[in-house]
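[1] no FASTA, just this:
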Ligand code: MN
């Protein structure tokens, strides 16, 4: 996995986003969801894998309702350190607009077998276009799946909540504050 595309899209003299470099955590794998008010408001869903954050832009954001399948467009890998990024990407730069860390936590594979190497299993499931995982976040909890669509559009996936005790009709997006700073995207101040 490479961060070449990520680095090419950004001018690091003009944006406060981190420069992309491969970095691995010691223990648990992490996930993060950014809320990003770019030209179109969306949520960026990111899973740590192999020292980078595999990333999907989710226009409508995640849902806790298994019936609400959310389109998730796979985008370029982001650096591990992006997990802590929150702030304003200046006008004129790629993805210009406010970003908050809407949720974060750890994840595990849903069908985890202790004999498996977690990350290699995650990678092979990603290759196959079907990845089931359990999130332990502050907002998102329980099992979810990312399923690649076999349609014309390359990079189109669905983010789907699985049926479990955390599933429900509550609109999780109403919890609109950053989990690291308690700020909303609207009141982000430099
Ligand atoms: Mn984004």
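    Ah, there it is. Predicted model only: the values in this text are computed from it and were never measured.

[2] indicate the residue of the chain located nearest to the ion.
    Taking Cβ to the ion, the ion has its nearest neighbour within the chain at residue 36, 3.8 Å off. (C-beta placed from N, C-alpha, C; glycine too.)

[3] point out the other helices and strands that the helix or strand of the chain with the lowest mean pLDDT packs with.
    One helix or strand of the chain scores below all others by mean pLDDT, DSSP states H and E: helix 118-128, with a mean of 80. Judged by 3 or more Cβ pairs under 8 Å, 6 or more residues apart in numbering; DSSP states H and E, the packing partners of helix 118-128 are strand 29-37, strand 41-49, strand 97-109, strand 130-137.

[4] now with 10 Å, please.
    Helices and strands touching helix 118-128, by 3 or more Cβ pairs under 10 Å, 6 or more residues apart in numbering; DSSP states H and E, are strand 29-37, strand 41-49, strand 52-58, strand 97-109, strand 130-137, strand 141-148.

[5] tell me the angle that helix makes with strand 41-49.
    Angle of helix 118-128 versus strand 41-49, following axes from the mean of the first three to the mean of the last three Cα atoms, to 10 degrees, is 130 degrees.

[6] reformat the helices and strands packed on helix 118-128 as a markdown table; add mean pLDDT and mean neighbour count.
    As requested, the helices and strands packed on helix 118-128 are arranged in a markdown table below (pLDDT from 0 to 100; neighbours: other Cβ atoms under 10 Å):
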| stretch | mean pLDDT | mean neighbour count |
| --- | --- | --- |
| strand 29-37 | 96 | 21 |
| strand 41-49 | 96 | 22 |
| strand 52-58 | 97 | 22 |
| strand 97-109 | 95 | 21 |
| strand 130-137 | 95 | 18 |
| strand 141-148 | 96 | 20 |
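
[7] I'd like those strands as CSV, with distance to residue 18 appended.
    CSV is the format used below for the helices and strands packed on helix 118-128 (distance: least, Cβ to Cβ, whole Å):
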stretch, distance to residue 18
strand 29-37, 13
strand 41-49, 13
strand 52-58, 11
strand 97-109, 12
strand 130-137, 21
strand 141-148, 24
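
[8] chain center to the least confident helix or strand of the chain, what's the gap?
    From the chain centre to the centre of helix 118-128 is a distance of 16 Å (Cα atoms, centre = their mean, to the nearest Å).

[9] repeat that for stretch 50-69.
    Remark: stretch 50-69 is offset 6 Å from the chain centroid, using Cα atoms, centre = their mean.

[10] do the same with stretch 92-110
    Distance of stretch 92-110 from the chain centroid (Cα atoms, centre = their mean) equals 5 Å.

[11] so what's the residue of the chain closest to the ion closest to, chain neighbours aside?
    Once flanking residues are discounted, residue 36 sits nearest to residue 99: 4.9 Å by Cβ to Cβ, 6 or more residues apart in numbering.

[12] over to residue 92?
    Spatial nearest neighbour of residue 92, chain neighbours left out: residue 14 (7.3 Å); criterion: Cβ to Cβ, 6+ apart.

[13] same question, residue 56
    Using Cβ to Cβ, 6+ apart and skipping residues adjacent in sequence, the residue nearest residue 56 is residue 72, 3.8 Å away.
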